[in-house]
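J.: Pasted the sequence and its predicted model underneath.
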Amino acid sequence: IASNVQFSPIGTYTTNLSAHKHKVYGTSDDEGIFKVNAEFYDTGTYEITATELFGNTTASVNVTIKPIAAELTKPKEDVYPIGKELNIEGETNGGKSVVIKASGEFIGIALLTREEENKFSFEKKWNTSGLAPGKYKIKIWVLPASDPDKDPPDDSRIVYLLRKGLSVEVSSDFVAQGDDFKISGKAEGRDRVDIMIIASRGGSGHGLNHTQIFDETGGKLDVPGVAHIIRDVTNGEFTTDDIPVPKDADTGMYMIVVLNYGRDRVWGTKTGTSDLLRAISYNYTSDLMIKTQKQILELIIDKTVNQPGSDDLMAVARIKVENPYLRLRDIEDVLLGSDFTVRGITNRKEGTTVAITVEGPVKLIPKFVEVKEDTEYNNKFETSFSAKGARIGTYIVTADDGDRHQATKTVKIVAPPANVTPPPGIELTPTPAAMPINQTAVTNRTAAEGKGKVNVSLAAALQNHGVITAVSIAAVLAAAISGVAVTAVRRKKKVPP
């Protein structure tokens, strides 16, 4: 429909618009080019036709207008302290600007920046100082396609704002099933904290202690996906003992919610209890087992820090529970007699012992190393081996954490090049002519262009003498082709007197 399109002039082109701007007339420039802007107010396929009036020739093109697509990329859905300035960022495939609101309150308008064809970005800073704690829903509308007063938002996401005064840290960003971790933090002027650890699948998950709450409440409340810990605050700080992660615990991102009930020693202003589980479950009547991680978090906020007049404090951290793994890095070929290093990464905790074996034509002496912290996401381990007592061939390198988790790689131990000094026990010496070794018959054939002679029995002779693992056949033949005979001499062991 033509009414869904409006034209507007560009630059210095001579243009005349129709009354409703659905048509445009004008004069091209000296190079025969004529440009105008076309603005579309509805989706669909449109045919745009240009007519050259003097010759009455026409040309048409079809364009398809797609719906505006917008995405908020920052901030991520998380918990933030009140007063923190948050960057609101996102992308669209069209439009001119973006209207941004948070829980109905106008934040501002962000102009779009063209990144590439059909891709635009926007950014707006949001100062959260003075805001009340609670849940805030950030919404965006792309103009002119969307109307913030009557259209649903083009995208939205939720953030939670909390008072300062309580902080929490986790000993690691990740933990393997079967390992453990610690939680610590600060709560100045407070005497205790409650810690809720919510499994990735929420209340119905198989968490860190799936029977604890059932036992703690005498069977009144069963939430296998949530663990509850209470710790005293000493000199403004708190820390937990090692928190074990069962080998059958759910994997995924766990949420750690740390709370203090304030100086009134009750949760919120309406619950009348210092029992956190009783407060968030409506006196044990709400089935927390059916709630997701996010729903449990919102319930905790609603019953504590978000109640009017509440002096409760809250902080949130996360830890990822993973299946245990070890991974070995690739190992380049190793020259016989030299050293090589085995390196690997793992999510097992620091101090875990990893056994490393190298097996092939011979077995090298196993090594036992401890896992160390790495600056990257994973922890690491490494050790070195010597190939002096090895033989040429392919070896299997295996890393084992003792809990049936393994990683393997192959490594080749190869002979040194011909110009490399051979290991002790092998001697390469030029001789005037090829000669038999231990009466082995020597067969000669003429090399290319009749120059030089190749001693093809040397390799067999060397193998008979047990030194083929140290000198490659190629090296022997290369030396023979050059006109130099190669003699292998077995060194005699010294016999003690």
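T.: Arrived safely, thanks for sending. Just so it is clear, the model here is predicted, and its values are computed rather than measured.

J.: Q212 contacts G225, doesn't it?
T.: No: counting by CB atoms under 8 Å, Q212 does not reach G225; the two are 11.0 Å apart. C-beta here means a position set from N, CA and C on the backbone, and glycine is covered the same way.

J.: Which residue of the two possesses the greater neighbour count?
T.: Neighbour count, other CB atoms under 10 Å: between Q212 and G225, G225 has more, with 27 against 16.

J.: Give me the nearest residue to the more buried one, chain neighbours excluded.
T.: G205 (3.2 Å; CB to CB, 6 or more residues apart in numbering).

J.: Now do the same contact list for that neighbour.
T.: The neighbourhood of G205, defined by CB atoms under 8 Å, 6 or more residues apart in numbering, consists of A199, P224, G225, D250.

J.: Could you check how far it is from K291?
T.: 11 Å (CB to CB, to the nearest Å).

J.: Tell me the backbone dihedrals of the residue nearest to G225, please.
T.: For G205, the backbone dihedrals (degrees, to the nearest 10) come out as phi -70, psi 180.

J.: Doesn't G344 lie inside a strand?
T.: Yes: with DSSP: H, G, I helix; E, B strand; the rest coil as the criterion, G344 is part of a strand.

J.: In contact with the closest residue to P81 other than its chain neighbours, which residues?
T.: Using CB to CB, 6+ apart and skipping residues adjacent in sequence, the residue nearest P81 is K164, 4.9 Å away. The contact partners of K164, by CB under 8 Å, 6+ apart, come to P81, I82, G83.

J.: Tell me the helices and strands packed up against the helix or strand hosting E47.
T.: For E47, the enclosing helix or strand under DSSP states H and E is strand 44-52. Identification of packing neighbours for strand 44-52 by 3 or more CB pairs under 8 Å, 6 or more residues apart in numbering; DSSP states H and E yields strand 57-65.

J.: Which secondary structure elements does the strand it packs on sit against?
T.: Looks like strand 57-65 contacts strand 44-52 (3+ CB pairs under 8 Å, 6+ apart).

J.: how far out from the middle of the chain is the strand it packs on?
T.: Distance of strand 44-52 from its chain centroid, counting by CA atoms, centre = their mean, to the nearest Å, is 48 Å.

J.: Just the angle for it relative to strand 57-65, thanks.
T.: 160 degrees (axes from the mean of the first three to the mean of the last three CA atoms, to 10 degrees).

J.: Give me the secondary structure label for the residue nearest to the spatial centre of the chain.
T.: In the chain, the centroid-proximal residue (CA atoms, centre = their mean) is Y377; its distance is 8.0 Å. Of the three states, Y377 takes coil under three-state DSSP.

J.: Same check on K294?
T.: Going by three-state DSSP: K294 is helix.

J.: list the contacts for it?
T.: Going by CB under 8 Å, 6+ apart, K294 touches G202.

J.: I'd like to know how far it sits from I198.
T.: Note on K294: its distance to I198, by CB to CB, is 9 Å.

J.: Could you do V257 as well?
T.: Counting by CB to CB, the gap from V257 to I198 is 7 Å.

J.: Those two - which one has more neighbours?
T.: Between V257 and I198, counted using other CB under 10 Å, I198 has the larger neighbour count: 29 against 23.

J.: burial measure for the closest residue to the more buried one other than its chain neighbours, as a count.
T.: Spatial nearest neighbour of I198, chain neighbours left out: M255 (4.5 Å); criterion: CB to CB, 6+ apart. When neighbours are counted by other CB under 10 Å, M255 registers 21.

J.: any idea which element M255 lies in?
T.: strand 252-260.

J.: Excluding its own residues, what touches that strand? List them.
T.: For strand 252-260, using CB under 8 Å, 6+ apart, the contacting residues are 166, 168, 170, 183, 185, 187, 190, 192-201, 207-208, 233, 267, 276, 293, 297, 300, 304-305, 312-321.

J.: before we move on, what about stretch 41-53?
T.: Applying CB under 8 Å, 6+ apart, the contact partners of stretch 41-53 are 1, 4-6, 34, 38, 40, 57-67, 144-145.

J.: same for whichever strand or helix holds A110, what does it pack against?
T.: A110 is part of strand 105-111 when elements are defined by DSSP H and E. Under the contact definition 3+ CB pairs under 8 Å, 6+ apart, strand 105-111 sits against strand 97-102, strand 119-127.
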